[in-house]
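K.L.:
model this:
(2 chains)
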Amino acid sequence: MIAKFILWCYSAPLLEWFRNSNYAIPVLQSFHLLGITAVLGAVCIMSIRLLGIGFLKLPLSTLWRELSGWFLGALILTIAAGVVIAIIDPTRYLANIAFRIKMACLAAAILFHFTIFRYVVRRAPDTELPRTTVGHAALGCAELLLWFSVGWGGRLIAFFQ
Amino acid sequence: MLEFCHWLQHTMWATSIRESTLTYPLIEGSHVLCLSISVGIVMFLDLRFLRLAFASVPVSRMMKQIGPWMIAGMTIMMVTGLLLFAIHASDAYTNRFFRVKMLLLVLGVLNALYYQLRYYPQMAEWDFSGKVPTGVKVIAVLSLIFWFGVIICGRTMAYEI
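P.N.:
From the prediction side, this is the model:
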């Protein structure tokens, strides 16, 4: 089934156009990078607050309320652009160890963010909080580690060609 | 200038970094991923000015919370950017996307400085009233255009080097 899909990727006229275009890949990668910037920006703000080293005047529930919509939109943009980039030349990416690690980290990051992270942050009281707690700090570290692993995985794809 | 760039690119330390297995990917990856704590954070401040995010949070509080991290992120971007320029100095100097990137970077900084000089001194008044001046909204839109343009040019210049 995967082999059929790969064959389709290399024969589809639209994807052929993308492959032969001088500007399609840079444009797609630009959207991918803009999306990553917004995703990681939101992750940084929330994680820095959880770690108690910044944004102390912005309650966690406020941060979640204000950032989650932008985070989701940016994540959709990033994944959409990323999917198109990958299916333009699927064998190049599927054979790349850094890409595989990136995808594994992405799956873990998405699962973590929309389950444990969301559960804890949404329930944080909307009042002045102590700087941080052990649980919150661990949550912030895990969020940063997972999402920046995705980012580093993406950066290292070019170095594992 | 081109001769200087050629000399810089072929210095021993620039050559050793460019050919390194670990150092070059580390610098390049840091430059890209630190977009999250520079442009990623600036983006949310600009969205606040436009009242598209954090509308319930006073601008003064946002700026105070975000400012130190934005400065730290921009500093890392500048340091890694200078290193990357030195490594590919003559290639970057002749690259049209790099030149546009630098122009947009300067415009972005000037835009921020203009805000500091023109609107920051009266920020307490308009922040208290809850109404963001039209000029500040224009600055916010320009900021998003300039910084997103820097990202797009940075991504696209790799295709000309």
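
K.L.:
Can you report how many residues lie near residue 36?
P.N.:
By default, I'm working from chain A. 26 (other CB atoms under 10 Å in any protein chain shown). The way it works is simple: take the backbone N, C-alpha and C, and place the C-beta from them, glycine included.

K.L.:
that's the wrong chain, I wanted chain B
P.N.:
Residues lying near B:Ser36 (other CB under 10 Å) number 25.

K.L.:
ditto for the one 3 residues further on
P.N.:
Using other CB under 10 Å, B:Val39 is surrounded by 27 other residues.

K.L.:
State the mean pLDDT of the biggest helix by length in chain B.
P.N.:
Counting by DSSP state H, the longest helix found in chain B is helix B:59-87. Averaging pLDDT along helix B:59-87 yields 93.

K.L.:
Run the chain-centre distance for that helix.
P.N.:
7 Å (CA atoms, centre = their mean, to the nearest Å).

K.L.:
would you list every one of the helices in chain B?
P.N.:
Going by DSSP H, chain B shows helices at B:2-9, B:12-18, B:23-33, B:39-49, B:59-87, B:89-93, B:96-118, B:123-129, B:134-157.

K.L.:
before we move on, what about chain A?
P.N.:
Using DSSP H, helices in chain A cover A:2-11, A:13-20, A:24-51, A:60-88, A:90-94, A:97-112, A:118-122, A:134-156.

K.L.:
any idea which of those is most buried?
P.N.:
Among the helices of chain A, helix A:24-51 has the highest mean neighbour count (mean count of other CB atoms under 10 Å in any protein chain shown), at a mean of 23.

K.L.:
on that earlier part again, can you tell if the longest helix of chain B touches chain A?
P.N.:
Yes: part of helix B:59-87 sits near chain A under the criterion CB under 8 Å from any CB of the partner chain, namely B:61-62, B:64-66, B:68-69.

K.L.:
Those, buried ones only, as a PyMOL selection?
P.N.:
Per 16 or more other CB atoms under 10 Å in any protein chain shown, the buried members of these correspond to this PyMOL selection:
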select buried, chain B and resi 62+65+66+69
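
K.L.:
Return the distance of stretch A:90-99 from the chain's centre.
P.N.:
That offset, for stretch A:90-99, works out to 18 Å (CA atoms, centre = their mean).

K.L.:
State the distance spanning the first to the last residue of it.
P.N.:
For stretch A:90-99, the first-to-last residue distance is 11 Å (CA to CA, to the nearest Å).

K.L.:
Can you give the contact residues for it?
P.N.:
A:5-6, A:9-10, A:86, A:100, A:153-154, A:156-157, A:159-161 (CB atoms under 8 Å, 6 or more residues apart in numbering or on different chains).

K.L.:
where's the dip in pLDDT among these?
P.N.:
Lowest pLDDT among the contacts of stretch A:90-99: A:Gln161, 73.

K.L.:
any idea how far that one is from A:Arg92?
P.N.:
Taken as CB to CB, to the nearest Å, the spacing of A:Gln161 relative to A:Arg92 amounts to 8 Å.
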